[in-house]
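Participant: Provided below are the primary sequence and the corresponding predicted coordinates.
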Amino acid sequence: MQMFDIAIIASNVLLSIALLLGFWRLYLGPTLPDRVVALELIASLTIGFIAVYVISSGRTPFIDVAMVLALTAFLAAVGFARYLEKGGHRDDD
Amino acid sequence: MTEFFTGLFLVVGAAFMVVAALGLVRMPDLPMRLHATTKAGVLGAGLMMVGVAVYFGDGGVTTRAVAVIGFLLLTAPVAAHAIGRAGYFVGVPLWEHSKTDELKGRYDEKTHTLSSPPEMHEPEDRDDASR
């Protein structure tokens, strides 16, 4: 019982550290694709936070939020890629 | 026992997430960052979802957790491929110690078509009839 609470807290702390590192790359990132990569990792981290919250609180409907978030992050990444390809920063025409 | 395995999956998944974020910060290049975050990030999130499925042991929860893992495994490589492709088109510089750039000079930026060079190196164990 005690070990389980420690595991919950430890995974929260680890995810927070990873989130800070992801935001550091989001702030630092030299180009726009680097920032998109950081945003995608932050979406994965949010799925991890949802998993920890579902386990620690017992509210299982939040798994649906994780499912929708996975698909939405994919759509965001593909949208950014399309924006870059169709003439974001490149002087094409 | 259930709680032990749940905690194990959660901590190991979160550790993989930290590895992914560390690679995101420390890698010098866009494709290397993609390499770090896509694989380690999906593995971390999938392990945490496995932890959810182990903890509840319910049919509906397990199905939804498996659906989340399936969506992650389906969408993450496609998204990484799209971002890497767009980054290469835009002209994100590679690491200065990169050895080879296979697409360099073979790529038509207007029409987005790939052309093979005229002096393609043929493997040794293949005869000329298959060319």
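Facilitator: Received it, and whenever you're ready, just let me know what you need.
Participant: go ahead and flag the most central residue of chain B.
Facilitator: residue B:38 (3.8 Å; C-alpha atoms, centre = their mean).
Participant: show me the contacts for residue A:35.
Facilitator: A:25, A:26, A:29 (C-beta atoms under 8 Å, 6 or more residues apart in numbering or on different chains). Every residue, glycine included, has its C-beta placed from N, CA and C.
Participant: tell me the one of these nearest chain B?
Facilitator: Nearest to chain B, judged by C-beta to the nearest C-beta, of the contacts of residue A:35 is residue A:25 at 4.9 Å.
Participant: state the helix or strand in which the closest one lies.
Facilitator: Per DSSP states H and E: residue A:25 is located in helix A:2-28.
Participant: may I see the buried residues of that helix?
Facilitator: A:4, A:7-8, A:11-12, A:14-15, A:18-19, A:21-22, A:25-26 (16 or more other C-beta atoms under 10 Å in any protein chain shown).
Participant: what helix or strand is residue 83 located in?
Facilitator: The chain I'm using is chain A. Assigned by DSSP H and E, residue A:83 belongs to helix A:62-85.
Participant: wrong one, I was asking about chain B
Facilitator: If you go by DSSP H and E, residue B:83 is part of helix B:59-90.
Participant: quick revisit: from the contact counts, what lies against the helix holding residue A:25?
Facilitator: Helix A:2-28 sits against helix A:32-57, helix B:2-26, with contacts defined as 3 or more C-beta pairs under 8 Å, 6 or more residues apart in numbering or on different chains; DSSP states H and E.
Participant: residue B:113 - how many residues pack around it?
Facilitator: 9 (other C-beta atoms under 10 Å in any protein chain shown).
Participant: can you check the pLDDT for the residue in chain B that chain A sits nearest to?
Facilitator: Minimum separation of chain B from chain A (C-beta to the nearest C-beta) falls at residue B:7, amounting to 2.9 Å. Residue B:7 carries a pLDDT value of 91.
Participant: so what's it up against?
Facilitator: By C-beta under 8 Å, 6+ apart, the neighbours of residue B:7 are A:3, A:4, A:6, A:7, A:8, A:11, B:51.
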